[in-house]
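1. 3D, please:
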Amino acid sequence: MRRSPLARPLTLLLGTTLVALAAAAPPAAGSDGAALPAVTPRAETPTLYDDAAGGNADADDPAIWRNTAAPDRSLVIATAKEGGLRVYDLEARPVQSIPAPPAPGPDDAPGRFNNVDLVHGLRLPSGRADLAVTTDRGHDTLRVYRIDRNRPGGPLTDVTDPAAPPVFSDGQHEINDQRTAYGLATWTDTGTGRSYALVSRRNTTTLALLELTATAHGTVGYHTVRTLDLPATFRLPNGSSWTPCAEPGELPQIEGMVVDPTGAGTLYAGQEDVGIWRLPADLSGTPHLVDKVREYGVPGRYDPETEECTPGADPGYGGTRLSADVEGLTLLTEPDGDGHLLASSQGDDTFAAYDREQADDNEYEGGFRVTAASPELDGSEECDGAAVLNAPLGRRYPHGLLVVQDGHDAPADGDRAATGFKYVDLADVTEALDD
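-> Below you'll find the model as predicted:
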């Protein structure tokens, strides 16, 4: 598939030689996921159902917005795919529901909000504003919402520039193939004050750096600065090449991403069937594979009838802490500059924590599970997105908050796909990681 004419001359390609160096390192020792400590949620959002009766809503990715003037009135902003965007308060109660845009034509896909992240203090003609930015996978665009907690009718207002172009596609014919904007992380360069969105492309290894810009009309648009393709094929220690098994024509995609804003900015990107990459947030320099999934290097055969891959024998080149898919990545920062990179290990329903220090090669520092607090308040399974904020959030979460997606909300309602978000007291998480 062709790339945007704007992005094509700036694309940076990485070959398998680079990957051979990262892949050749022996896997480090890790802990058994079943033995990890457990934390329990304090609250959960109402169940979302991915069917016609439930509005085709499917929980995916959250972000936490702190109301600095009144922390008790902070918000969780979350994507629901074709169900659009949901806003919740700190009691996990719905505050606002924003529908995804309709399909432009009868044969086109409707809007589908995949990931969300925040930008703080972007300068608009009316003054600085906090923004929620989402990837609209259905339309291959970003959508941008201004956050105003006191606004009548709901805190979010759509301020997307109507002229904002597709992120990757050349036109509707490409958008309909759905190789569109997928994962998302925002980043403000502390040196220049410019704000960016880093976006991945579905079913490919492509990342794009987009600069967010305000218009004279008070809307927000974007333009592509550069793109980069992460590897799709990997040289194994035995000299063979390996590509994760997938449907023909699909490459190992990236979704979960987060930027550590310290210094020049560092992007952590989760390639779902491969592992976690670390690279400069401006997409320059050399990516480094921080950790690999257990399934790394396992051959597979795609069965078109079942649309599934049958794995072969494990050669033992994978990691020990992550089970595919690598999903939500979020940054737990500490006032002294320490903290953790948290990653959702979707395949075994755990979360892995890595040191933020690159000098320590982001050393693994433990993990945890989010398990049921009661029969009515279950834990998190097959977690997609996660967000953490280490700041006081009023009386209920004075030590901060972790929000995780739950891919199998309980109790189930027949055969309906049920999802939602769980709220976890951050004090419980930090205690689990200190054990």
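
2. dump the residue contacts of Ala43.
-> Residues near Ala43 by C-beta atoms under 8 Å, 6 or more residues apart in numbering: 91-92, 377, 422-423. C-betas here are computed from N, CA, C, even on glycine.

3. please report the distance of Gly328 from Gly385.
-> According to C-beta to C-beta, to the nearest Å, Gly328 and Gly385 sit 4 Å apart.

4. pull up the overlap in contacts between those two.
-> By C-beta under 8 Å, 6+ apart, the residues touching both Gly328 and Gly385 are 61, 256, 344, 404-405.

5. which of the residues you listed lies closest to Ala391?
-> Val404 (17.7 Å; C-beta to C-beta).

6. shouldn't the closest one be within a strand?
-> Yes - according to DSSP: H, G, I helix; E, B strand; the rest coil, Val404 belongs to a strand.

7. who's in contact with it?
-> So Val404 contacts 62, 328, 344, 351, 370, 380, 383, 385-386, 421-422, 424 (C-beta under 8 Å, 6+ apart).

8. just to revisit the earlier point, possible to save the contacts of Ala43 as JSON lines with secondary structure?
-> Shown next, in JSON lines, are these (three-state DSSP):
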{"residue": "Glu91", "secondary structure": "coil"}
{"residue": "Ala92", "secondary structure": "coil"}
{"residue": "Leu377", "secondary structure": "coil"}
{"residue": "Lys422", "secondary structure": "strand"}
{"residue": "Tyr423", "secondary structure": "strand"}
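
9. between the residues you listed, which has the most around it?
-> Sorting the contacts of Ala43 by how many neighbours each has (other C-beta atoms under 10 Å) puts Lys422 first, at 28 neighbours.

10. so how far is Ser345 from that residue?
-> Lys422 is 16 Å from Ser345, by C-beta to C-beta.

11. how about Val403?
-> Going from Val403 to Ser345 by C-beta to C-beta gives 17 Å.

12. neighbour count: these two, which is higher?
-> Val403 (28 against 25).

13. what pLDDT does the model give the more buried one?
-> In this model, Val403 is scored at 98, pLDDT.

14. could you do Gly30 as well?
-> 44.

15. secondary structure of Val429: a helix, I assume?
-> Yes - Val429 forms part of a helix when assessed by three-state DSSP.

16. what sits against it?
-> Here Val429 is in contact with 39, 332, 368, 388, 402 (criterion: C-beta under 8 Å, 6+ apart).

17. what about the residue nearest to the third one when sequence neighbours are not counted, how many residues nearby?
-> Pointing back at Phe368 there. Nearest residue to Phe368 in three dimensions, chain neighbours excluded: Ala432, at 4.3 Å (C-beta to C-beta, 6 or more residues apart in numbering). Neighbour count for Ala432, taken as other C-beta under 10 Å: 20.

18. cool, and Gln96?
-> Gln96 has 16 nearby residues by other C-beta under 10 Å.

19. each with direction, which strands does whichever strand or helix holds it pair with?
-> Here Gln96 sits within strand 94-98, counting by DSSP states H and E. Strand 94-98 has its sheet partners listed here by DSSP bridges as strand 85-88 (antiparallel).

20. and the strand it pairs with, average pLDDT?
-> Strand 85-88 comes out at a mean pLDDT of 98.

21. please enumerate the helices of the chain.
-> All helices of the chain, identified by DSSP state H, fall at 16-23, 172-175, 426-434.

22. surely Thr204 touches Arg179?
-> Yes - between Thr204 and Arg179 there is a contact under C-beta atoms under 8 Å: 6.0 Å.

23. which parts of the stretch 301-435 of the chain are strands?
-> 308-311, 326-333, 339-345, 350-355, 364-370, 386-389, 401-406, 418-425 (DSSP state E, counting those that start in this stretch).

24. which one of those strands is the most hemmed in?
-> Using mean count of other C-beta atoms under 10 Å, the stretch among the strands of the stretch 301-435 of the chain with the largest mean neighbour count is strand 401-406, at a mean of 28.

25. OK, contacts around Asp409?
-> For Asp409, the contacting residues are 44, 47-48, 59, 378, 418-420, by C-beta under 8 Å, 6+ apart.

26. report the two of those separated the most.
-> Those two in the contacts of Asp409 that are separated most widely, counting by C-beta to C-beta, are Leu48 and Asp378, at 14.3 Å.

27. for these two, indicate the residue with more neighbours.
-> Using other C-beta under 10 Å as the criterion, Leu48 and Asp378 rank with Leu48 on top: 25 against 21.

28. distance of the more buried one from Ala38?
-> Using C-beta to C-beta, we find Leu48 at a distance of 24 Å from Ala38.

29. likewise for Asp161?
-> Relative to Ala38, Asp161 is positioned 45 Å away (criterion: C-beta to C-beta).

30. more crowded one of those two?
-> Remark: of Asp161 and Ala38, Asp161 carries more neighbours, 19 against 13, as counted by other C-beta under 10 Å.

31. that one is in contact with Thr215, isn't it?
-> Yes - in terms of C-beta under 8 Å, Asp161 counts as a neighbour of Thr215; the distance is 5.5 Å.

32. identify the contacts common to the two.
-> Going by C-beta under 8 Å, 6+ apart, residues that sit against Asp161 and also against Thr215 are Gly221.
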